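Peer 1: Sequence first, then the predicted structure, then my questions.
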Amino acid sequence: MASSLTCTGMVWAFLSFLCAAASCVGFFMPYWLLGSQLEKSVSFGTFRRCSYPVRDETRQTTVMVEQCGRYASFQAIPSAEWRICTVVTGLGCGLLLLVALTALMGCCVSELISRTVGRVAGGIQFLGG
C-alpha cells in the first residue's frame, strides 16, 4: 500500500494516535482528584467516581459505596462547571480521535491527506487539545 504521508507525517500520525489514546483513557479514569471522606479513600473524575457517599433513608445515615462507576445521570455530576468540563473534555477527545484515525488511514491509503487536509487536521487537533 502506498502512503500519502511523508516521514514527518508518519511520526505525526503515530504521536496523534498516542495523544488521543492517552486523552481518552484520562477522560474515562476516575482518578483526577484523590482524597478521603468518612475515613475511606475516594476519587473522581469528570465522568466517573470511586467510593462515594450515599444517603441511606432507611437508617437515616450516610454510607460509603465502595465501588467505581459513572454518575447516575448527567445532572448527578456535582456542579455546572464539572458538567461543562465533561462536555468540553469529551468533545476534545472525540476531535483528537477523529484526527488520529484519519492520520492513521493516511498511512495506508495513497493521496488521502494533502497539504491542505494536513493543515485542517492540525487546526482541528489544536482545537481538540
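Peer 2: The structure has been received and is ready for your questions.

Peer 1: In terms of secondary structure, what does the lengthiest helix in the chain contact?
Peer 2: As assigned by DSSP state H, the longest helix anywhere in the chain is helix 80-108. Judged by 3 or more Cβ pairs under 8 Å, 6 or more residues apart in numbering; DSSP states H and E, helix 80-108 is in contact with helix 7-28, helix 115-128. Backbone N, C-alpha and C define where each C-beta goes, glycine included.

Peer 1: what mean pLDDT does the first one have?
Peer 2: Think helix 7-28. Per-residue pLDDT over helix 7-28 has a mean of 86.

Peer 1: again, but for the last one
Peer 2: In this model, helix 115-128 has an average pLDDT of 80.

Peer 1: That one relative to helix 80-108, how many degrees between them?
Peer 2: Here helix 115-128 runs at an angle of 160 degrees relative to helix 80-108 (axes from the mean of the first three to the mean of the last three Cα atoms, to 10 degrees).

Peer 1: Would you indicate which residues of helix 115-128 are buried?
Peer 2: Neighbour counts over helix 115-128 (16 or more other Cβ atoms under 10 Å) mark 118, 121, 125, 128 as buried.
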